[in-house]
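Undergrad: just to be clear, the model below is a prediction. Sequence and coordinates:
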Amino acid sequence: MTILELILIGIGLSMDAFAVSITNGLCCTNLNRRRIILIGVCFGGFQGLMPTLGFWLGKAFEQYIRAFDHWIALLLLGYIGGKMLIDAIRDRNEELHQMLLTPRMLLMQGVATSIDALAVGVSFAALPDVRILPAAVLIGCETFAFSLIGVVFGKRVGQKLGSNAQIVGGLILVVIGVKIFIEHTFFGG
């Protein structure tokens, strides 16, 4: 596998984390430099860890992983996004709804956006020329960078959207969960 192929795979895998990072920037009011970097570390770390784990699990377990990975992503992102939507609609009369990024929420987002990377790691195990550690580090670094860009972008756009930012963010998370589910269920993800 060439470095260009790995870069492209890393970009593809990081897009869900990028979108969720935009959502965090849109909706979360407790974002400072430290938390923004923590988002990048969490998403990049999971995106690097999951292909490594998938690689070591190997081809023997691929059908089991693929059988439920899309359900996990749908449930986690649907839960977080749905809760954001319900809270935003319920509190619509307030001037500004404060949404805080909690460690639990960040962990759930990190797992949900990196499930695909686990399956990619399993497929890497079937290829003779993949060195998993450099590949995982590259994928993790790309996701880290895209996550930082996403949060900063979301934060800027969120200031313009005001109180509607949480509704937009919740919809984005639900749509990403549904997208992952549909891709895996109907198109073999």
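TA: Thanks, I have it. Values in this document were obtained by computation on a predicted structure and should not be read as measured data. Numbering: from 1, shown residues only.

Undergrad: helix or strand next in line after the lowest-mean-pLDDT helix or strand in the chain, which one?
TA: When the helices and strands of the chain are scored by mean pLDDT, DSSP states H and E, helix 62-90 comes last with a mean of 71. Proceeding C-terminally, helix 62-90 gives way to helix 103-125 as the next helix or strand, assigned by DSSP states H and E.

Undergrad: could you give the angle of that following helix to helix 62-90?
TA: 150 degrees (axes from the mean of the first three to the mean of the last three Cα atoms, to 10 degrees).

Undergrad: low-confidence stretches in the chain?
TA: Where the chain drops to pLDDT under 70, the residues are 59-66, 69, 73, 84, 91-98, 161-166, 188-189.

Undergrad: wait, Cys42 touches Met108, no?
TA: No: look at Cys42 against Met108 with Cβ atoms under 8 Å: they stay out of range, at 10.3 Å. Where C-beta positions appear, they are placed from N, C-alpha and C, glycine not excepted.

Undergrad: neighbour count for those two, which is higher?
TA: Counting neighbours by other Cβ atoms under 10 Å for Cys42 and for Met108 shows that Cys42 has the greater number, 23 against 16.

Undergrad: so who does that one touch?
TA: Applying Cβ atoms under 8 Å, 6 or more residues apart in numbering, one finds that Cys42 lies in contact with Leu106, Leu107, Gln109, Gly110.

Undergrad: so how many other residues sit close to Trp71?
TA: Count around Trp71 with other Cβ under 10 Å applied: 15.

Undergrad: what of the one 10 residues further on?
TA: By other Cβ under 10 Å, 22 other residues sit near Gly81.

Undergrad: quick one: it from Trp71, how far?
TA: Gly81 is 16 Å from Trp71, where distance means Cβ to Cβ, to the nearest Å.

Undergrad: could you do Leu13 as well?
TA: Computed with Cβ to Cβ, the distance linking Leu13 and Trp71 is 19 Å.

Undergrad: and Ile132, how many neighbours?
TA: Applying the criterion other Cβ under 10 Å, we find 16 residues in the vicinity of Ile132.
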